[in-house]
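Next come a sequence and a model predicted from it.
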Amino acid sequence: MTAITRFIILILSCCICSLFVGCSTFQHDWDGLVQNPGVETSVKTGLAGQWEGTWLSDANGHGGGLRCIIAPDESGTLIARYHATYGGFLTFEYDMPMRVQRDGDTYRFASEADLGWLAGGRYEYEGTVVGDEFNSTYRSKGDHGTFRMSRLTPAAQGQ
């Protein structure tokens, strides 16, 4: 099955699922952080919080909006919860555990996860955070591209 066919099936599946599934917890959690911006920002790695920007596929030129909440799970592992848009109205979400190394003011991270055959299978990510700028590349068997985000600060949230 080609990457385009998988992508079309993914989009159609998302549309069908959206008819039967309620809202995800991502928006609720995102709104909670906007109202209480200090809640998840005290993690030792300095990566926790809200991030917003764009994703772009270098393989096919597709792209869209991207939001991310980075927070530790119960075990202390940082989890990046992504919420991406495609075509201005379709959305998809997934979580990725992060392996982080600090090098001065730069945080280097890597991750991988199997998002299922419909979403393209196994994805690998690596990138850096310097200050409030998040830059990452991603790669799967049928796609590769970039994530570019900036940390939301209380001023950017209208606080």
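Arrived safely, thanks for sending.

how about the longest strand seen in the chain: buried residues?
The longest strand of the chain (DSSP state E) is strand 90-103. Using 16 or more other C-beta atoms under 10 Å as the test for burial, strand 90-103 gives 91, 92, 96, 98, 100. C-betas here are computed from N, CA, C, even on glycine.

Not counting its neighbours along the chain, what's nearest residue 138?
residue 125 (4.9 Å; C-beta to C-beta, 6 or more residues apart in numbering).

which neighbours does the one helix or strand the one you found maps to have in its sheet, and in what orientation?
Element membership of residue 125 [criterion: DSSP states H and E] is strand 122-130. Under the criterion DSSP bridges, strand 122-130 sits next to strand 106-114 (antiparallel), strand 133-139 (antiparallel) in its sheet.

Out of those, which one sits most buried?
Neighbour counts (mean count of other C-beta atoms under 10 Å) averaged over each of these peak at strand 133-139, with a mean of 17.

ok and that one relative to strand 90-103, angle-wise?
Counting by axes from the mean of the first three to the mean of the last three C-alpha atoms, to 10 degrees, strand 133-139 lies at 110 degrees to strand 90-103.

any idea where the helices of the chain begin and end?
Using DSSP state H, the helices of the chain run over 3-20, 25-35.

mean pLDDT for those: which is lowest?
Among these, helix 3-20 has the lowest mean pLDDT, at a mean of 58.

which stretches of this structure aren't confidently modelled?
Where the chain drops to pLDDT under 70, the residues are 1-5, 7-24, 27-45, 154-159.

re earlier: now distance to residue 66 too, for the strands paired with strand 122-130, in a markdown table please.
Putting the strands paired with strand 122-130 into a markdown table (distance: least, C-beta to C-beta, whole Å) gives the following:
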| stretch | distance to residue 66 |
| --- | --- |
| strand 106-114 | 15 |
| strand 133-139 | 10 |
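
closest to residue 73 out of these?
strand 106-114 (13.3 Å; C-beta to C-beta).

sorry, back to before: of all the strands paired with strand 122-130, which lies closest to residue 86?
strand 133-139 (14.4 Å).

could I get the closest one in PDB with only the CA atoms?
Taking C-alpha atoms only, strand 133-139 is exported to PDB below (Å, rounded to 0.1, in the frame of the first residue of the first chain):
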ATOM      1  CA  GLU A 133      12.300  27.300  20.200                       C
ATOM      2  CA  PHE A 134      11.500  23.600  19.400                       C
ATOM      3  CA  ASN A 135      12.900  22.100  16.200                       C
ATOM      4  CA  SER A 136      12.600  18.500  15.300                       C
ATOM      5  CA  THR A 137      12.800  16.100  12.300                       C
ATOM      6  CA  TYR A 138      10.600  13.000  11.900                       C
ATOM      7  CA  ARG A 139      11.000  10.000   9.700                       C
END
